[in-house]
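S.K.: Build me a structure from this.
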Amino acid sequence: MRQARRTRRSALLSAVCAGLVAGCAGLTGCGGGGEDPDAGTNGVGKLSAAKIQSKTRQAAKGADAVRLSGTVVSKGQTYKLDMRLKGSGGEGTVTVKGGTFQLLRVGEHLYLKADSGFWKHQNEGAGGAEGKAGGAGDQAAAAKLNGKFVKVPAGDPAYRQLSGFTDKDLMLDGTLALHGKLSKGERSDSGTRRVIKIAGDEGAGGTLDVSLEGAPYPLRLQRAGGAGTLRLTEWGKEFVLEEPGKDETVDYGKQLPTQ
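M.R.: Here you go, the predicted model:
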């Protein structure tokens, strides 16, 4: 009997211990080590800031498409952007002082679309109201352009600047640039996924939130010197770029009418 009781107690103790071991196996650092902050992530949080930035660039360049939205301050001008970009072009809207216009680039063909108020403002800014075009001429030209896709000639001075907004690689190069010595910040929750922050010059050179889930895509950039904030979403989400129809398009040949 005494031997039987010892056997039962031993079996019970073994069962309890086995249960504790099984439960502990699901906890990181069971036995006093604490929870692993990188458990369930893509692992970039363990890397140095420089390596995180490198991984982020690789992921961004490898993505087929991205949506970029927010504000950019350049040369005293504030631009509000909402662009969808991929290798063959891009589409979206840009808002500046004077109005909002739509950009569409399919391959090398770049189009700009805006209302008559935007075109009238551009003509006046170019001296049209008091110079070469004249007030009545400005209004007539603006009315003709209202709601039409204006094909921007490749040789026009505006082509290079405007096409830059539709260039995925160019926009990402600027977005992923941090200035000064890189450092790694805390892990946090962006609201949609976990991120880790890297910064240039302790934040003065800009900060970048990098996803800790899935591919290490950049999700949010605070530009250096308060020069705007950009969000990067819809990574890899395909969209269709199509040339506008002839009835939607105005072609001004070698130069835009506002130049």
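
S.K.: got the residue ranges for the helices in this protein?
M.R.: For the chain, the helices defined by DSSP state H cover 2-25, 49-62, 116-125, 135-145, 157-164, 168-175.

S.K.: looking at these, which one has the lowest mean pLDDT?
M.R.: Note on the helices of the chain: helix 2-25 shows the lowest mean pLDDT, a mean of 40.

S.K.: Output the below-cut-off pLDDT ranges for the stretch 151-259 of the chain.
M.R.: Residues of the stretch 151-259 of the chain meeting the criterion pLDDT under 70: 252-259.

S.K.: check contacts around His179.
M.R.: Contacts for His179 (C-beta atoms under 8 Å, 6 or more residues apart in numbering) come out as 200-201, 204-206, 224. Yep, even glycine has a C-beta here, placed from its N, CA and C like the rest.

S.K.: likewise Gly92?
M.R.: So Gly92 contacts 81-84, 102-103, 165-166 (C-beta under 8 Å, 6+ apart).

S.K.: just those now: which is nearest Gly191?
M.R.: Asp82 (18.9 Å; C-beta to C-beta).

S.K.: The closest one contacts Ser69, correct?
M.R.: Yes - using C-beta atoms under 8 Å, Asp82 and Ser69 qualify as a contacting pair, with a distance of 4.4 Å.

S.K.: can you pull the contacts of the closest residue to Lys197 other than its chain neighbours?
M.R.: Leaving out its chain neighbours, the residue that sits closest to Lys197 by C-beta to C-beta, 6 or more residues apart in numbering is Gly185, at 3.6 Å. Residues near Gly185 by C-beta under 8 Å, 6+ apart: 196-199, 207.

S.K.: cutoff 10 Å now
M.R.: Applying C-beta atoms under 10 Å, 6 or more residues apart in numbering, we find Gly185 in contact with 49, 195-199, 202-203, 207-209.

S.K.: how far away is it from Gly45?
M.R.: Distance from Gly185 to Gly45, counting by C-beta to C-beta, to the nearest Å: 10 Å.

S.K.: which residues are common contacts for these two?
M.R.: Common contacts of Gly185 and Gly45 (C-beta under 10 Å, 6+ apart): 195-196.

S.K.: What sits closest to Leu176 if chain neighbours are left out?
M.R.: Closest residue to Leu176 apart from its sequence neighbours, by C-beta to C-beta, 6+ apart: Arg57 at 5.6 Å.

S.K.: ok, that neighbour - how many residues close by?
M.R.: By the measure other C-beta atoms under 10 Å, the count of residues near Arg57 is 15.

S.K.: The one 3 residues further on too?
M.R.: Ala60 has 21 neighbouring residues, counting by other C-beta under 10 Å.

S.K.: One more: Gln161?
M.R.: Gln161 has 10 neighbouring residues, counting by other C-beta under 10 Å.

S.K.: Please apply the same query to Glu248.
M.R.: Neighbour count for Glu248, taken as other C-beta under 10 Å: 12.
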